[in-house]
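> curious how this folds, go ahead:
(one chain, ligands or ions: 2)
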Amino acid sequence: MPAFAAALAEGLSGESVTLVRLPLGWDGASLPFRHPLDYLGYDGGAGIGSGPGMLVGAALALEGSGRIPVAVLGDGDTMMGISAFWSAARYSIPLIAVVCNNRSYFNDEVHQEKVARMRGRPVENKGVGQEIREPDIDFAAIARAQGMAAIGPVGSGAEMVGALRQAVSLYREGASVLIDVRVEPAYAEAMSKGMTEDGG
Ligand SMILES: Cc1ncc(C[n+]2csc(CCOP(=O)(O)OP(=O)(O)O)c2C)c(N)n1
Ligand SMILES: [Mg+2]
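Residues are numbered from 1 along each chain as shown. Ligands and ions are numbered 1, 2, ... in the order given. A predicted model of the protein is given here:
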């Protein structure tokens, strides 16, 4: 996640961006927010699947503001709401979706680890029912199938910086763009601590 955050900052440097959403494993200290439109926050109900729809709606609302709408979406969140992207393609709503693809509903792996420890059950089973791998989902293919432009899978920070610059230029040509970035399943320390210690 730290390498992902650094590449996001570098790939978008110099651009006026609104981050519509950030994934659960994001470290809040990774990027400074200086204006109310720098980051729109999470949805009110913490409903996984709302991310793609939030991005399309926010992109529509930001039209003419000079800000590029960028959402960093979990792969689980993206899968649960992916059909929202068709509306962006259909109605030519330019936007950039970056899928932070850890190939898991990882939030629940963290929960299952905590419960396994409390109940003396094997921690290595935490990925059962949560991992989304083998086959890994080809998000770029699903995006193209709905009429979007797509880049990926992207596997390194350097590649991600290039992908973001390419996405910005496609955005300027009017495209709705998705980038599939493969990341390791791990949360920022503060987030995983909060979820695994008392009260998490
Ligand atoms: C509609 C709905 N179903 C289930 C949940 C429980 N839930 C919270 S986070 C999460 C996993 C999210 O996976 P992903 O978007 O890939 O993010 P990650 O934790 O892997 O970064 C789930 C299933 C929820 N919040 N909303
Ligand atoms: Mg995930």
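
> the longest helix along the chain - contacts with which helices or strands?
Using DSSP state H, we find that the single longest helix of the chain is helix 157-172. Packing contacts for helix 157-172, counted by 3 or more Cβ pairs under 8 Å, 6 or more residues apart in numbering; DSSP states H and E, involve helix 2-11, strand 95-101, strand 149-154, strand 176-182. Every C-beta, even on glycine, is put in place using the N, C-alpha and C of the backbone.

> of those, which is nearest Gly49?
Nearest to Gly49, of all those, is strand 95-101, at 13.7 Å by Cβ to Cβ.

> quick one: contacts of the closest one?
Strand 95-101 is contacted by residues 4, 8, 23, 25, 52, 55-56, 59, 68-75, 78, 85, 88, 136-137, 139, 143, 152-153, 164, 167-168, 171, 176-183 when judged by Cβ atoms under 8 Å, 6 or more residues apart in numbering.

> partner strands of that strand, with direction?
strand 68-74 (parallel), strand 176-182 (parallel) (DSSP bridges).

> distance to Glu124 and mean neighbour count added to those strands, as a markdown table?
As requested, the strands paired with strand 95-101 are exported to a markdown table (distance: least, Cβ to Cβ, whole Å; neighbours: other Cβ atoms under 10 Å):
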| stretch | distance to Glu124 | mean neighbour count |
| --- | --- | --- |
| strand 68-74 | 23 | 25 |
| strand 176-182 | 22 | 26 |
